Every structure is written in structure tokens, then in C-alpha cells.
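Undergrad: sequence and predicted structure below; questions after.
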Amino acid sequence: MGMNDLTINKQQGQELNLKQQEAVTLSDQSALILAGAGSGKTKVLTSRFAWLIQNQIASPGGILAVTFTNKAAKEMLVRISAQLPINPRGMWVGTFHGLCNRFLKKHYQDASLPQIFQILDSADQKSAIKRVMKKMNIDEDFLPSKEVLYFINGNKEEGVRSNAYKAFDDISEKKNAIYKAYEDQCLKEGVVDFAELLLRCLELFQNKPMIREHYQSIFKHILVDEFQDTSKLQYEWLKLLTAKNSFIFAVGDDDQSIYGFRGARPGNMKDLQKDFKINNIIKLEQNYRSKNNILNAANAIIENNADRLGKNLWSEAGDGDLIRQYNALDDRFETSYILDEIKGLHRSGSRYDQIAILYRNNAQSRVIEMAMVSNNIPYRVYGGLRFFERAEIKSSLAYLRLITNKKDDTAFLRIINFPPRGIGAKALELIQDVANAEKISLWQSAERIESENKNTKISFFVHLIRHIEDQIEGNNIDESIDFINSYSTLKDHYGKDKDGSSRIENLDELVSAAKAYINEFREENTENESGDSKASILSDFLDFTSLESGELQASAGDDALQLMTIHSSKGLEFDTVFITGLEEGLCPHERSLSENNGLEEERRLMYVAVTRARQKLYLTLAQSRLTYGQTMYNLPSRFLDEIPNELVKRINAPKKSFAISTAKIATHSETKHAWKIGAAVEHAKFGVGIVTGYEGNENDLRVQINFHSYGVKWLAMEYAKLAEI
DNA sequence: CCCGAGGACCTTTTT
DNA sequence: GGTCCTCGGG
């Protein structure tokens, strides 16, 4: 696995340093470990796990270790088993969602859930909400489903059910009515969304003292990774589990909290100290990753944030190269500079997969990708559509889901007419009317219609599903999926499509994924005498496809350039890192500026980006950039000013090509004014800005300026007192 | 039902 | 500039 190679810390194999040792060998007490970037965080967590067992303080089943991503959970398991000769089965190591799912599956009756419940991913959830709104006759123009989604998830995150919500106006009342109907619909269909997994598990522990106390006494030690990213709900969950003589060992870095927008609450770190009476936090500040010039830049940037627990990274690795900053004229020049540098690095022996290009938003990758394609440089883009989120995969799985759970209306709607089989809006309306009138699921409704009228297209669909169900009875999942892919005519359908071949490949890949899943499952269960039933393996597999949405993408091991957003670079490290688009409006993003503490989160983002680099760090920016089809003129990012001068070597683009691109517009005013498009100017009242356009003739010339703090303004040249900077 | 034109949208993302 | 969704004609 290529990705895992990248994340293995340099320090592995060496002894623990004093601070790490102190953390690992803490006696029975709760602890907060402030672990800076590259300070050996995962090593400390897994060593702690091993230490607790080796010293017989806890048994493997008596520790709960929780992370955010499957990847991190897997890595933790791998590293624990490298240190200890124990069977990972039965150990409670996983993601918040994965562990909650495990608790809920085990206690489904106490949680008031059906034995088999399907997990909705975000897209499923959104379409479920849309369905509710349609049923309630609420127009999207009046209330966008996206806003309702936000409302529902936000409330679940706060632990607020619809019956506990206090509406304060018509809109909030309406939203809550949808929330209520959505809760009912999920229950009826036997489906659970991501936030529900957490909330329902919390409620299970709250409402069932027997179960709560059982787990409270089992888990004496709870280890939490990336604690700064925990939400309110997750923190409540942790508090409940540790309420009775248990200890929490939380590892995190408040400076790397970059997920505020999805509920992360770095304030949990301060609450933790208070709630668990932790008086000394252990700081891991020695960095085993980067050269000091890079660390000093990172330290200087993050220094500008006010609300920090505070730490300073240092390293024994020496100063290293100066950071290079390149000011390009536009995004294409920026890319060609990066391209040249990468070619040079590669010539002198760098591997492509040790070079990362980071950007603030995904749209920025396009220009870079085009340049790489035309120069035959292999690259890999992270993020974007995940394997299990692909339309063809979701469709194939929907057949399996419907057969597993006939009440799953989401799955039903996905495939009732896909591939197209002549069931249109009218037929669907009939099915829905019958379902509503009889209070039955769409599938039951279709069956009822079928029993009354045998020769319809609906009847054809019912027989199709029943036939698939008969045929896959007793089969392994991979065989079942293979059968579905053909018999449902999914493959034929894509075969007709001119760009359907990759979709067919993906459908085959799904069969392989299922096979791999079963094999892994068998391996883990060899000692387990009570052979799990085929049905429960199937349901586990479906959970897996919802919870593990990605990272199954193939070809990870290739030597390819790594392209990703800054967010997805967290936790990774590379010899060389290019941070691109370092302009005001992009990084920091303009939308963050109006948010509460938005700028500080952007600065943490910058901090994360800088600390990804081991040896070489490049910072690039462009004076103008094509965004959403429009040329935008941006000022350099304020974060660049926060890096001490002596750490940076600045490289500026030649001026002449710039003059050519703007000559036409500039001639307008050449006689009277020196201002050109893209020029930085200063205004007495509005401060610093960038000239972005002209309007009018020689006598009445108006200039458009994008001001740093006042936004875009039109000023009459005659009156505006501008000074060039 | 299917397809194409036209409109609205557009940070970041894991589960 | 690109994508996703909706709506209307074929």
C-alpha cells in the first residue's frame, strides 16, 4: 500500500524520546497529549496501547481506541500487532462511526432498531430528505434541501431530536417538521445516517443503564486520536463511556484543527482538562519530519493565532534549504514554474510520489492536471468521487440492498427504473400512492400492484428482483454481485454507452472488492467456531461499503505526483511540497473571513500545509487567476507576510509577458495614469487594493479596484487619490 | 422515455 | 469554466 508507506513516521524503529516516554508510561490517570505535527503521535498512541497490555494494566479487550478515518484505524491496528503478538479480533479499535455501528448492531433491540439496518451515506441522506419534502409538498425554491440537511445534521450533532427542538419562527418550525418526518421515514425504512449512528449510540448508553455500566466497566482505558477534531456529540459519547473510573488518553493538536465546518470543536481540549482534572498536558514538540527553516516558518505563522494551548516545534535536522516563494503573473505561469521545478527535481533523483502539490480548493487542480498530462508526468489526484460513491457502484449495491431490506425505499427508487425499463413518473406515482395509502414500503406496494395486474412493467420489475433473490440464495457476495451486474442489465446498459467501459470495469472491480472482503473476513474468523451466517456477512459488507467510502481506489503504489487539497494532506508527509494559490481570497478563502474564527482556521490550514514538507517547501501565487470563468486579481496571501524574511528566497516573474497580456487595456490610460490591471495601489481611505478594470473614456475614466478590506469598488480617476505600491 | 438546451450553483470533507 | 439539475420538445 503506497499510502501507508508515506505515513510511516521517520522515527519508527528509534527509541521513544523523554516526552514520548512520559506519555506512554503514565499511570492510571487521564491525559492530554499535545502532539505537534511530525512529533510521533501515532507511535505514542500505539506504544501506549502496547504498554498497557505488556504491563498487564489492561487486556486487549479492555481498551477502546478511536480515530476518525478508517485509514488511521487500520494503521493503528497494524502498528499494534507489530508490537504485540495478539489477535486484533475482539479489540475495540476503530472510527467513531464504526464503533457506534458495532454497539448498535449488538444491541439493536435496546436501540429500537431493526436487526438489519442500512447506513445512508451523505448522498443517500440528501435524497431521503428530498423525498420527505416532496411528500410534504415543500418546494426547493422555498426551502432548499441542502439547508434542511444542514439543520438535521446540526441538531443531531447537538443531541437535539425533533421533539425536543424549540422553533423560533415559521422557517425553523417548517424545518423541524421535515426533521420529524425524516426521522419517521428512516425508522420505517430501517435506515440510519452517519450522525444517527453516533446519536443513537449515545442515547443507547444514556437510556439503558445496564448496557452503559457494562461498557463503562469493560473499558478502563480509552485512547483518542486527533482529539481536536472531536465534535460535541463525540465528546459527550466519550464522557459517558469514561464516567466510571476510566481514563481517557487524548492525543491531539489544536493548531491542526481544520474541520470546524463539520462540527469539530477544538474547545473540547480545554473542556477535557477541566472535566477530567488534567493539570499537566504533555507537549510533544520535537519534530522528526522537517528541516528547521520549514518548522520556523510554521511556528511563525501559527504564532498569529490568539487562542492556542501553545507549543513550538523544533528539530535536530538542521536548517535545510530556504523556502522558495514564486510570484507568478497568472495561474498558468504559476503552473509552468511548478512544472519546471518538478522536472528538475526528478532529474536529480526525486521520486514523483515524494512531491506533493497542495491547493485550497479542488477547482485549482484542473490547470495543474492539464500541464501534467501534456508533459507526461504521472500524477494522482486525491479526493473527489470515491469508489463506493460512484453511480454504477451505488446502483449495483442498491439491488443487493433492496433484497437485504425490502423496506429500503432509497434503494428501491434508485433501481426501479435503472437501467431504464419503461417505468416512468406515472407508474412510480401509482406505486407511491398505494404505499402512502396502505402505509407500506414501495416494494410491498409494487408487489401488491403486481398481484392484481400481472402484465405490467411493474410486474416485470417485481419478477426481476424475485428472480435475483432466488438465484443468489446461498451464494457468496461476490458471486451475487456478479450475477446482479449482468442480470439487472447494468452491464449491457453501460456497454451501449460510449464512455461506459470504465463503469463496467468498476462493476467488475466491485466483484473483486467483495471477494477480497470475504477473504479477509474468513482469515479473521478462522478461530471463530460459530460460523457467521451468509446474511450477516452480507449485511456487514453493505455496512463496509457505506462506512469505508474510499481508499479502495487502485494503483496507489505508482510513482506519481501527489495532488490534493490542503485538508486531505493532513497526516501525510513528503520530501517536497508546493503550496499553490497563496492569495487573499483563496488562502485565506474569502468565505472564511465572514465566519466566526474563520481566519484562524485558515491559518491553521496554512500551518498544516507547511508542516507536510520534509526537505523542500515551495510557496506559489499568481497575480491573476481564472476562477469560475472570470479573471480574478488577488493580493498575496497575508500568511506570506507572517513568514520571517530570512527564511524565504523570493523569485519574481519577468515583467514583460505581463505587459503584453494587459497592453490593450492599459493603453487607455497610459498617457495620464500609470495604473495597469493587476497593479497594487493604495487609497487613503480604503487601503491597499489591486486594479482589476477600467471603464469610460479619457475624460471620465473610472477604475475598478479590489480592495483588501473593502472589496471591489469603482472609483473616478479624477478624484481618487491613488498611490502605487 | 430520452435527450439537449438553459439556468443556477460553485470551500474545505470523513463517516 | 464545468457540473448538475430541470424542463420541454421529439
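TA: That came through, no problem.

Undergrad: show me what the helix or strand hosting A:Asp184 is packed up against.
TA: Assigned by DSSP states H and E, A:Asp184 belongs to helix A:170-189. Helix A:170-189 is packed against helix A:122-135, helix A:145-157, helix A:409-415, with contacts defined by 3 or more CB pairs under 8 Å, 6 or more residues apart in numbering; DSSP states H and E. (Each C-beta comes from the backbone N, C-alpha and C, glycine too.)

Undergrad: wait, doesn't A:Arg265 sit right on A:Leu233?
TA: No - the criterion here is CB atoms under 8 Å, and A:Arg265 misses it with A:Leu233 at 9.5 Å.

Undergrad: re earlier: which of the helices and strands packed on helix A:170-189 sits closest to DNA strand B?
TA: helix A:122-135 (3.9 Å; CB to the nearest atom of the strand).

Undergrad: what residues of that closest one count as buried?
TA: By 16 or more other CB atoms under 10 Å, the buried positions in helix A:122-135 come out as A:124-126, A:128-133.

Undergrad: which one of the residues you listed sits closest to DNA strand C?
TA: Of the buried residues of helix A:122-135, the one sitting nearest to DNA strand C (CB to the nearest atom of the strand) turns out to be A:Lys130, at 7.6 Å.

Undergrad: contacting residues for the nearest residue to the closest one once chain neighbours are set aside?
TA: Leaving out its chain neighbours, the residue that sits closest to A:Lys130 by CB to CB, 6 or more residues apart in numbering is A:Ser145, at 4.9 Å. Contacts for A:Ser145 (CB atoms under 8 Å, 6 or more residues apart in numbering) come out as A:126, A:129-130, A:133.

Undergrad: from A:Asp124, how far off is A:Ser145?
TA: Relative to A:Asp124, A:Ser145 is positioned 13 Å away (CB to CB, to the nearest Å).

Undergrad: ditto for A:Leu586
TA: 32 Å.

Undergrad: and the helices and strands packed on helix A:170-189: which comes nearest DNA strand C?
TA: The nearest among these, by CB to the nearest atom of the strand, is helix A:122-135 at 7.6 Å.

Undergrad: packing partners of the closest one?
TA: Short answer (3+ CB pairs under 8 Å, 6+ apart): helix A:122-135 packs on helix A:145-157, helix A:170-189, helix A:409-415.

Undergrad: any idea which of those is most buried?
TA: Among the helices and strands packed on helix A:122-135, helix A:409-415 has the highest mean neighbour count (mean count of other CB atoms under 10 Å), at a mean of 23.

Undergrad: could you point out which element follows it?
TA: helix A:425-438.

Undergrad: quick check, whichever helix or strand comes after that following helix touching DNA strand B?
TA: Proceeding N to C from helix A:425-438, the next assigned helix or strand is helix A:442-452, under DSSP H and E. No - counting by CB under 7 Å from any atom of the strand, DNA strand B is not contacted by helix A:442-452; separation bottoms out at 14.1 Å.

Undergrad: now do stretch A:361-377
TA: Yes - Stretch A:361-377 is in contact with DNA strand B by CB under 7 Å from any atom of the strand, via A:361-363.

Undergrad: columns distance to A:Val191 and mean pLDDT on top of the helices and strands packed on helix A:170-189, output as JSON lines?
TA: Shown next, in JSON lines, are the helices and strands packed on helix A:170-189 (distance: least, CB to CB, whole Å; pLDDT from 0 to 100):
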{"stretch": "helix A:122-135", "distance to A:Val191": "7", "mean pLDDT": "87"}
{"stretch": "helix A:145-157", "distance to A:Val191": "14", "mean pLDDT": "90"}
{"stretch": "helix A:409-415", "distance to A:Val191": "7", "mean pLDDT": "90"}
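
Undergrad: which ones are touching the residue in the stretch 251-400 of chain A positioned nearest to DNA strand B?
TA: Residue of the stretch 251-400 of chain A nearest DNA strand B, by CB to the nearest atom of the strand: A:Asn361 (3.2 Å). With contact taken as CB under 8 Å, 6+ apart, A:Asn361 is in contact with A:565, A:586, A:589.

Undergrad: does the last one really touch A:Arg360, like I thought?
TA: Yep, that's A:His589 we're talking about. Yes - here A:His589 reaches A:Arg360: they are 6.1 Å apart, a contact under CB under 8 Å.

Undergrad: tell me which of those two has more neighbours.
TA: A:Arg360 (25 against 18; other CB atoms under 10 Å).

Undergrad: can you get me a residue count around the residue lying closest to the more buried one once chain neighbours are set aside?
TA: Once flanking residues are discounted, A:Arg360 sits nearest to A:Cys587: 4.4 Å by CB to CB, 6+ apart. A total of 28 residues lie near A:Cys587 under the criterion other CB under 10 Å.

Undergrad: can you pull the contacts of A:Cys587?
TA: Under the criterion of CB under 8 Å, 6+ apart, the neighbours of A:Cys587 are A:360, A:566, A:579, A:581, A:602, A:605-606, A:637, A:639.

Undergrad: in a markdown table: the helices and strands packed on helix A:170-189, plus distance to A:Ser59.
TA: A markdown table is the format used below for the helices and strands packed on helix A:170-189 (distance: least, CB to CB, whole Å):
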| stretch | distance to A:Ser59 |
| --- | --- |
| helix A:122-135 | 37 |
| helix A:145-157 | 33 |
| helix A:409-415 | 40 |
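
Undergrad: which among those is found nearest to A:Cys100?
TA: Comparing these by their distance to A:Cys100 (CB to CB), the top pick is helix A:145-157, with 12.4 Å.

Undergrad: okay, the angle between that closest one and helix A:122-135?
TA: Going by axes from the mean of the first three to the mean of the last three CA atoms, to 10 degrees, helix A:145-157 is angled at 110 degrees with respect to helix A:122-135.

Undergrad: could you measure from whatever residue of the stretch 301-450 of chain A ends up closest to DNA strand B over to DNA strand C?
TA: Nearest residue of the stretch 301-450 of chain A to DNA strand B, counting by CB to the nearest atom of the strand: A:Gly424, 1.9 Å away. As for A:Gly424, its distance to DNA strand C is 10 Å (criterion: CB to the nearest atom of the strand, to the nearest Å).

Undergrad: kindly reformat the helices and strands packed on helix A:170-189 as JSON lines containing distance to DNA strand B.
TA: Shown next, in JSON lines, are those (distance: least, CB to the nearest atom of the strand, whole Å):
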{"stretch": "helix A:122-135", "distance to DNA strand B": "4"}
{"stretch": "helix A:145-157", "distance to DNA strand B": "9"}
{"stretch": "helix A:409-415", "distance to DNA strand B": "12"}
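
Undergrad: quick check: which element contains the residue in the stretch 351-500 of chain A that DNA strand C sits nearest to?
TA: Among all residues of the stretch 351-500 of chain A, A:Arg366 sits closest to DNA strand C, at 6.3 Å; criterion: CB to the nearest atom of the strand. In this structure, A:Arg366 sits in helix A:365-374 according to DSSP H and E.

Undergrad: which residues of the stretch 1-150 of chain A lie near DNA strand C?
TA: So the stretch 1-150 of chain A meets DNA strand C at A:Glu140 (CB under 7 Å from any atom of the strand).

Undergrad: tell me which residue of the stretch 1-150 of chain A lies closest to DNA strand C.
TA: In the stretch 1-150 of chain A, the residue that lies nearest DNA strand C is A:Glu140 (6.6 Å; CB to the nearest atom of the strand).

Undergrad: distance of that residue relative to A:Asn299?
TA: 48 Å.

Undergrad: between those two, who's got more neighbours?
TA: A:Asn299 (22 against 13).
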